[in-house]
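Undergrad: Sharing a sequence plus its predicted fold:
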Amino acid sequence: MFIVRYSEIGLKGRKARSSMERMLAANLLASLSRQGISATAKRESGRILLYLDREGEEAEYAIGSVAGVKSFSPCKEYKATSLEEVVGLAREEFYNSVKGKTFAVRSRRTGTHDFTSMDMDRAIGSALFENSAGVDLNSPQIEIGAELRDSDLFLYSRVIKGPGGLPLGSQGRMVSLMSGGFDSPVAAWMIMKRGSPVDLIFCSLAHPVDTLAFLKSAEKLLGRWSAGSDPTINIIDGRPMIEAFANRDRYHFQNVEFKRALYLIAQEIATLTGAHGIVTGESLGQVSSQTAENLGSTSHGLEIPIFRPLIGFDKDDIIEIARRIGTVPEADLGEFCSLFADTPITRISPETLDQDMADFDLVDRLVADRVFFKFSELNQYRNSLSGSVAGADRIAQNSVVIDMRSEEKYKAWHYPGAIRGGIGDISGIVDDKGKDKVYIVYCQKGLQSAYAASKIKSLGANAFYASEESMKKISGISSAGKS
């Protein structure tokens, strides 16, 4: 069995506390069930007692993946009413464990007894002392836990830290703008940890390449941390937005305008689904669209609040949390804003932004055409994807190679014979070179080239995408090498 502790729940009023305890117990059982473990839960004052059909790493993983859990311990349960019975059971359980080790005893007691918790500490410590290397209350090699709740005695020697927070479902639902990078999954997790279920919104720019990468990130986040809920995943085909914002004669501040469009899409989905806020992975000053001025302008006039749990975090902090919660991406295709890296603006007024986007009318259509499904249906949706744009691993003769990087990078090195072209040039290049050619498109990290390759395939030609690094490998040049 396991004894599960919570902290913040205990500060709530009687009614809220009882409701959250029930949610926590239900979520624990749901998380264990995901690991194929059957269990029952019993609520005690300040504790949830779990009785499992088996123990092991899977059980500890499941319990440690539930928001609201402060800590938990695998333990053994006994019956005891007197101090002598408590000491005898503790000595039998831990006498060999403390051999040659320093130890400490931490006791807790609830109910009516003729002895105190301190009496338990002293008596158990005395019974184990002779076989140990002594008592160390600050940094013991083994820490003995003993909790007596009326006549139920729980003994344990491990305290495993949980995520803390509040049970998932105890707060209102949110929608979370999520990419396949480090930041947005961590932001979604931090809101989930505070009790809010999140539905995910992904804007695909190179479907299905970036969609498949996103689904891996979604699975890492929701597969571990969403027990007790079945979130909705919304996938937006963002390619029409890229084509629109690529018109530099019409739109002049693409990096913030694209962000504003994402907010408007998220707001409409939140309104349709009854969500209470929009969650983003933005950190102040991390990129040009995330300056204080730009965040204020892109958020201006929205009717639904935006929650930015990472606003004051350094990138290293975010990466550390991602590692701890298991959401580190398998590949980095680059961020959306990299599509407009040539024309960043760090300060824009709400009036200027509104004026420049006055005729932007894609939101309703993109939301209406979105694909959405429950997390429990993720594998079914993933298996339905076909016609994926593949990554290039070689360059066939007579292929048309397109370099989408900046002019500076192109001049420093490019694949021999590659022509330089931006997003707005793709259709013209295909018209000029013909649909019977094979196109190899590469960019810095792969996001823009995957988008361009999918665009070329939609025009009727065959295309592959690549990153700068992979193109250099094809050329026989290391990523650190020179042309």
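TA: That came through, no problem. Residues are numbered from 1 along each chain as shown.
Undergrad: can you give me the offset of the worst-scoring helix or strand of the chain on mean pLDDT from its chain's centre?
TA: Lowest mean confidence among the helices and strands of the chain (mean pLDDT, DSSP states H and E): helix 447-458, at a mean of 81. Mean-position distance between helix 447-458 and its chain equals 27 Å (CA atoms, centre = their mean, to the nearest Å).
Undergrad: how about whatever helix or strand comes next after it: buried residues?
TA: Downstream of helix 447-458, the next assigned helix or strand under DSSP states H and E is strand 462-467. Residues of strand 462-467 classed as buried: 463-467 (neighbour count, 16 or more other CB atoms under 10 Å). (C-beta placed from N, C-alpha, C; glycine too.)
Undergrad: Also stretch 36-46?
TA: Of all the residues in stretch 36-46, those buried under the rule 16+ other CB under 10 Å are 37, 39, 41, 44, 46.
Undergrad: tell me the domain ranges of this structure?
TA: Domain ranges of the chain: 2-161, 174-384, 400-474, per automatic domain parsing.
Undergrad: right, so of these, which gets closest to Ala392?
TA: Proximity to Ala392 (CB to CB) singles out domain 400-474 among these, at 3.9 Å.
Undergrad: Figure out the length between the terminal residues of the closest one.
TA: In domain 400-474, first residue to last residue: 15 Å (CA to CA, to the nearest Å).
Undergrad: Repeat that for stretch 36-52.
TA: 11 Å.
Undergrad: Averaged pLDDT, it. What do you get?
TA: Stretch 36-52 shows a mean pLDDT of 94.
Undergrad: Let me see the residues that make contact with it.
TA: Residues from elsewhere that reach stretch 36-52, judged by CB atoms under 8 Å, 6 or more residues apart in numbering: 1-6, 10, 21-22, 24-26, 28-29, 32-33, 53-54, 58-59, 62-63, 110, 147, 149.
Undergrad: Show me where the stretch 351-483 of the chain dips below the pLDDT cut-off.
TA: 386-389, 477-483 (pLDDT under 70).
Undergrad: What ranges does the stretch 251-400 of the chain have for its helices?
TA: In the stretch 251-400 of the chain, the helices defined using DSSP state H, counting those that start in this stretch lie at 254-273, 292-299, 315-325, 350-356, 363-368, 378-384.
Undergrad: Spit out the contact partners of the residue nearest to Asp114 when sequence neighbours are not counted.
TA: Leaving aside its sequence neighbours, Asp114 sits nearest to Leu83 (CB to CB, 6 or more residues apart in numbering; 7.8 Å). For Leu83, the contact set (CB under 8 Å, 6+ apart) comprises 113-115, 119-120, 123.
Undergrad: rerun at 10 Å
TA: 113-116, 119-120, 122-124, 148 (CB atoms under 10 Å, 6 or more residues apart in numbering).
Undergrad: How about Lys220?
TA: Counting by CB under 10 Å, 6+ apart, Lys220 makes contact with 185, 322, 325-330.
Undergrad: Name the residues of the strand or helix carrying it that are buried.
TA: In this assignment (DSSP H and E), Lys220 forms part of helix 209-225. Judged by neighbour count using 16+ other CB under 10 Å, the buried positions of helix 209-225 are 209-211, 213-215, 217-222, 224-225.
Undergrad: Return the closest of those residues with respect to Ser289.
TA: Nearest to Ser289 among the buried residues of helix 209-225, with distances taken as CB to CB, is Asp210, at 18.5 Å.
Undergrad: can I assume that closest one is in contact with Ser204?
TA: Yes. Using CB atoms under 10 Å, Asp210 makes contact with Ser204 at a distance of 5.6 Å.
Undergrad: Need the overlap of contacts for those two.
TA: Common neighbours of Asp210 and Ser204 (CB under 10 Å, 6+ apart) are 238, 450-451, 454.
Undergrad: what's the farthest-apart pair in the residues you listed?
TA: For the shared contacts of Asp210 and Ser204, the farthest-apart pair by CB to CB is Gly238 and Ala450; their separation is 12.4 Å.
Undergrad: returning to that earlier point: kindly supply the ChimeraX command isolating those of the contacts of Lys220 that are buried.
TA: Per 16+ other CB under 10 Å, the buried members of the contacts of Lys220 correspond to this ChimeraX selection:
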select :185,322,325,327,329
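Undergrad: Name the nearest of the contacts of Lys220 relative to His300.
TA: For the contacts of Lys220, the nearest to His300 is Pro185 (26.7 Å; CB to CB).
Undergrad: Would you mind giving the secondary structure of the closest one?
TA: helix (DSSP: H, G, I helix; E, B strand; the rest coil).
Undergrad: OK, contacts around the residue lying closest to it once chain neighbours are set aside?
TA: Nearest non-adjacent residue to Pro185, counting by CB to CB, 6+ apart: Thr327, 4.0 Å away. Thr327 is in contact with 180-186, 188-189, 216-221, 224-225, 321, counting by CB under 10 Å, 6+ apart.
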